[in-house]
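Enquirer: The following block contains a protein sequence and its predicted model.
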Amino acid sequence: MDSIQLAQAVANVLEDRHANDVEVIDIAEQSSIADYFVIATAKNTAHVRALAEEVEEKIEAEGITVTRTEGIRDGRWAVLDYGNVLVHIFNADTREFYCLEKLWKDHK
């Protein structure tokens, strides 16, 4: 599975589990940290955790293991690192505050 297929698979899992405002952003030409960000908003802290766990489970079933995770316990901003795809799952307030998609889309 290449980077865009992985990003789309993650986005599909998030949408299936009722995440809001799911976006896939191509950052390959702007950064060497990843090819894509997948960004989503959860309804509350429990939903952040549930979404992160569901993404991990479904993507692992495809044979791809997450390299690193951060923030899942806290439930405000979970990050799942799949190498060329970084998944950001926010609660609404945290997503609005950091506004990653605006930051990365505006610098193309």
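Expert: Happy to help now that I have it.

Enquirer: can we go C-alpha only for contacts and neighbour counts from here?
Expert: Noted.

Enquirer: Look up which residues are beta-bridged to the residue nearest in space to the middle of the chain.
Expert: Nearest to the mean C-alpha position of the chain, counting by Cα atoms, centre = their mean, stands Val87 at 2.1 Å. Val87 has these beta-bridge partners by DSSP bridges: Val38, Leu80.

Enquirer: Looks like it contacts Trp77 (just checking).
Expert: No. Val87 is beyond contact range of Trp77, at 10.0 Å (criterion: Cα atoms under 8 Å).

Enquirer: after the top helix by length along the chain comes which helix or strand?
Expert: Counting by DSSP state H, the longest helix found in the chain is helix 45-61. Next along the chain after helix 45-61, taking DSSP states H and E as the criterion, comes strand 68-70.

Enquirer: what's the burial count for the residue nearest to Trp77 when sequence neighbours are not counted?
Expert: Nearest residue to Trp77 in three dimensions, chain neighbours excluded: Phe90, at 4.4 Å (Cα to Cα, 6 or more residues apart in numbering). Residues lying near Phe90 (other Cα atoms under 10 Å) number 29.

Enquirer: and Phe90, what is it in contact with?
Expert: By Cα atoms under 8 Å, 6 or more residues apart in numbering, the residues touching Phe90 are Ile39, Ala40, Thr41, Ala42, Val48, Gly75, Arg76, Trp77, Ala78.

Enquirer: Please tell me how far the first one sits from His18.
Expert: Spelled out, that is Ile39. Look at Ile39 and His18: by Cα to Cα, to the nearest Å, they are 13 Å apart.
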